[in-house]
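Trainee: Fold the stuff below for me.
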Amino acid sequence: MVNASAQGVIEAARHAGVSLCAARHGLSGLHRGELLDLDAVPQRQWQQLSTLPGTCFGASREMLPPYNAAPETWHQLRDVLCGAGIGTVLLNGGNGSMTIALRLTEFGQRLGYPLRVIGIPKTIDNDLVATHFSPGYPSAAKYLAASVRELALDVSSLGPGRVMLLETMGRNAGWLAAGCAAAARHPGDAPHLLLLPEVPYRPERLLDALDTCLRRHGHAVLVVAEGVRDDNGLLLAEQPYTPGSPFQQLGGAAQRVASYLAQQRGLHVHVAVADCLQRAARHLVSALDLRLAQAAGRTALEWALQGQSGVMVGLRPARGKEDWEMAAVALADVADAERLLPASYIGADGFSVSPDFLDYLRPLLQGEDWPPFADGLPSYPSLQWPLLRWQ
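Mentor: Below you'll find the model as predicted:
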């Protein structure tokens, strides 16, 4: 949904007649002064942005350190911003992006170069606070729920005793794993068991629940969140640390659980890992998700032109209406905060979700927006973005 929000920003900028550029590969490109000239892009090109998966301008995991930790980095950014005549910065992303946005609001105080800064929410993890949902989450949940529904039909056809595990992303929050519950239409439908980061992993309890499931249904489909932890708060699995990365990469929890189940019960256990597929599946997006991601981008640009700064665009259902409203949320309330799955959304058994969660989720999944197809496959255009000659 980054591309959809970017399209909304460009649309609002063209309507207002203001100049616009993008940093290639986010903060890392901004450091290097690699800016893309969006004013030179024809309308027919930027109007295709929302049909694309990924991040068309490139992304970065680079963080902006606090000023006292790296003043030279801040001065380098100021030189680029000042040299290119940039006075407004819109950041699209999750927790890390909102932390960067908050720090950029200090530019006036620290360096005498005030910036207007607006955050645009986007994370499939859905763990940003102060917004009803984060764009990207409904579409990822829709893809995962569809995958579970299809996997369940496959597993059930293979005979009794089969167990399928699907690992989802989500880091420390269980929103994506919980979203798989939308696959079930009737009692007993998959997913049969959810392993959520908010519920400590206890192997003996899982075995008991699995035994019951196999007796009832003959097979089982389990969804395992990558951030599942034990009673001591330790991750079941994580990937080797990448030097220089600000984030620890998770993954491997489902394989860890599968090995345990096979050892304890001698079961035939298969593991599927959705990994990046769940955020790149443009062919099965939520139309509501896409529409509101574009609206968030338009709103961010409009707010900046009105003089607002230091806020993120929060999405909220409009009271008494079947529509949505955009609410300004202070970046100070969002940065470094993490919204976990509330206890009220988790079933009493710890392996399911509550009706309240499904009431929250199902409206977000509604509608389809198909990309163009050619030769039987999605046809994604290759868009070129000219460099801005500012130096």
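
Trainee: Next, count neighbours for the residue lying closest to A337 once chain neighbours are set aside.
Mentor: Counting by CB to CB, 6 or more residues apart in numbering, A337 lies nearest to V129, which is 4.5 Å off, once chain neighbours are set aside. The C-beta positions use only the backbone N, C-alpha and C, and glycine is treated the same way. V129: 19 surrounding residues under other CB atoms under 10 Å.

Trainee: Next, give phi and psi for V129.
Mentor: Per-residue torsions, V129: phi -80, psi 170 (degrees, to the nearest 10).

Trainee: Need the per-residue pLDDT for it.
Mentor: We have a pLDDT of 98 for V129.

Trainee: Quick one: residues contacting it.
Mentor: Residues in contact with V129 (CB atoms under 8 Å, 6 or more residues apart in numbering) are D333, V334, A337, E338, R339.

Trainee: Just the buried ones out of those residues, please.
Mentor: V334, R339 (16 or more other CB atoms under 10 Å).

Trainee: Could you tell me which of the contacts of V129 belong to helices?
Mentor: Residues of the contacts of V129 located in helices (DSSP state H): D333, V334.

Trainee: what about the chain, any weak spots by pLDDT?
Mentor: Within the chain, the stretches with pLDDT under 70 are 241-247, 320-321.

Trainee: ranges for the strands of the stretch 51-200 of the chain?
Mentor: 88-93, 116-121, 162-168, 193-195 (DSSP state E, counting those that start in this stretch).

Trainee: Those strands: which one's closest to L261?
Mentor: strand 162-168 (6.3 Å; CB to CB).

Trainee: And the closest one, what does it pack against?
Mentor: helix 137-156, strand 219-225, helix 253-265, strand 268-273 (3 or more CB pairs under 8 Å, 6 or more residues apart in numbering; DSSP states H and E).

Trainee: what about Q249, neighbour count?
Mentor: Q249 has 14 nearby residues by other CB under 10 Å.

Trainee: From R32, how far out is it?
Mentor: 24 Å (CB to CB, to the nearest Å).

Trainee: E11 too?
Mentor: 28 Å.

Trainee: neighbour count winner among the two?
Mentor: The neighbour comparison of E11 against R32 (other CB under 10 Å) goes to E11, with 18 against 13.

Trainee: The more buried one is in contact with A300, isn't it?
Mentor: No: using CB atoms under 8 Å, E11 is not in contact with A300, being 11.7 Å away.

Trainee: quick revisit: which of the helices and strands packed on strand 162-168 sits most buried?
Mentor: strand 219-225 (a mean of 28; mean count of other CB atoms under 10 Å).

Trainee: name the helices or strands packed onto that strand?
Mentor: Using 3+ CB pairs under 8 Å, 6+ apart, strand 219-225 sits against helix 137-156, strand 162-168, helix 175-179, strand 193-195, helix 203-217, helix 253-265.

Trainee: Among these, single out whichever gets nearest to Q43.
Mentor: helix 137-156 (25.0 Å).

Trainee: Are there residues contacting both of E11 and A300? Which ones?
Mentor: Contacts common to E11 and A300, judged by CB under 8 Å, 6+ apart, are absent.

Trainee: Near D37, how many residues? Count them for me, please.
Mentor: 16.
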